[in-house]
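In: Starting from these lines, generate the structure:
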Amino acid sequence: MNNRFVINYAPGATAIHRLNGTTKVLLFLVMTVYVIMSFDVRILAPMFILCVGLIVSMKPHWKPILFVVAFMTVMAGILGSLLIILVRPEAGESHVGAATYIVRWSRHFFLTRELFWYVGAMFFKRLCSLSTALVLVLSITPSEIASGLNALGLPYKACVIISLAFRTIPDVARDFLDIKNSLSLRGVELDPKRAGLISRLRQHTLILVPLIMTSFGRVETIANAMDLRSFGKNRKRTWYSHNPPTRADWLVRAFTVLLAAFCVYYIVRYRIINPPPYDYWCPWVDWDG
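Out: Modelled structure (predicted):
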């Protein structure tokens, strides 16, 4: 199962996997604030390097991760950048603060160095957001997410809903494959080598109705099982995946506190008191000049 999905459903063996669920969730929240607070590549680069190092240290199955990165590169990196270049070529000047023309066909169609820097920096920021999310997803199980969020104050009913949402992904995927194989045995052609794209898209719509009905049936089964076990009767509950914090947890939490302090300083200093004239820093643009 772990080879097919990016999400982990069993605890890993590395040092990151052995951390407490609360530690992982807290670190992820602070890292997310760090990525959101700035568009400056000088600020984002250390976080990206840290996330890549953590991902590599967890020794994940790379195939689904590379698929997610490739999909984001095509959709956000290539297609998104092309749309910005075609529709808003002036975005480079408005976000960077200068315009060094490479070529200019007309008033509304031109290319500048700052435009390419802007789309590159924006894609890098999205890549940092993805790497931050992958650190959490690869290091934590749904039960640890629920226990960690509950330890931070989120009601346990909402935490259980989040955990169940992640746990139903393999079941839905398995039902999808079962229905697909059943249709193939009945003569519905779904093989990419034998049917065209439009035909396969039309045939795949036949899977949606039984898939939705099966999912609703599973929801009813889970709800009845939870009612029979008196779910929601008590104000608190325990978590079998909750582990007491270790020395490694306290070290990571200390790093998280320092990172949070830097985030507060940066937001107050560069977002409230003295914000820069433009969001995107560029190495060849002098804002003071």
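In: domains for this structure, by residue range?
Out: Here the domain parsing of the chain from automatic domain parsing is 1-141+246-289, 155-238.
In: Just put those in CSV and tack on distance to Leu149, mean pLDDT and mean neighbour count.
Out: From N, CA and C alone the C-beta is placed, and that goes for glycine too. Supplementary listing: the domains of the chain in CSV, determined by distance: least, CB to CB, whole Å; pLDDT from 0 to 100; neighbours: other CB atoms under 10 Å:
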stretch, distance to Leu149, mean pLDDT, mean neighbour count
domain 1-141+246-289, 6, 88, 16
domain 155-238, 5, 76, 13
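In: and these as a markdown table, adding distance to Ser147?
Out: What follows is the domains of the chain, written out as a markdown table (distance: least, CB to CB, whole Å):
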| stretch | distance to Ser147 |
| --- | --- |
| domain 1-141+246-289 | 5 |
| domain 155-238 | 7 |
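In: Enumerate every residue touching Trp284.
Out: Contacts for Trp284 (CB atoms under 8 Å, 6 or more residues apart in numbering) come out as 100, 113.
In: Quick one: the helices in the stretch 1-150 of the chain, in order.
Out: Under the criterion DSSP state H, counting those that start in this stretch, the stretch 1-150 of the chain contains helices at 21-36, 41-57, 62-72, 80-87, 91-96, 113-139, 142-151.
In: Which one of the ones you listed lies nearest to Leu183?
Out: Closest to Leu183 of the helices of the stretch 1-150 of the chain is helix 62-72 (CB to CB; 24.4 Å).
In: quick check, distance from the closest one to the centre of its chain.
Out: Distance of helix 62-72 from its chain centroid, counting by CA atoms, centre = their mean, to the nearest Å, is 12 Å.
In: what's the angle from that helix to helix 41-57?
Out: Angle of helix 62-72 versus helix 41-57, following axes from the mean of the first three to the mean of the last three CA atoms, to 10 degrees, is 150 degrees.
In: out of the helices of the stretch 1-150 of the chain, nearest to Arg107?
Out: When the helices of the stretch 1-150 of the chain are compared by CB to CB, helix 91-96 sits nearest Arg107, at 13.1 Å.
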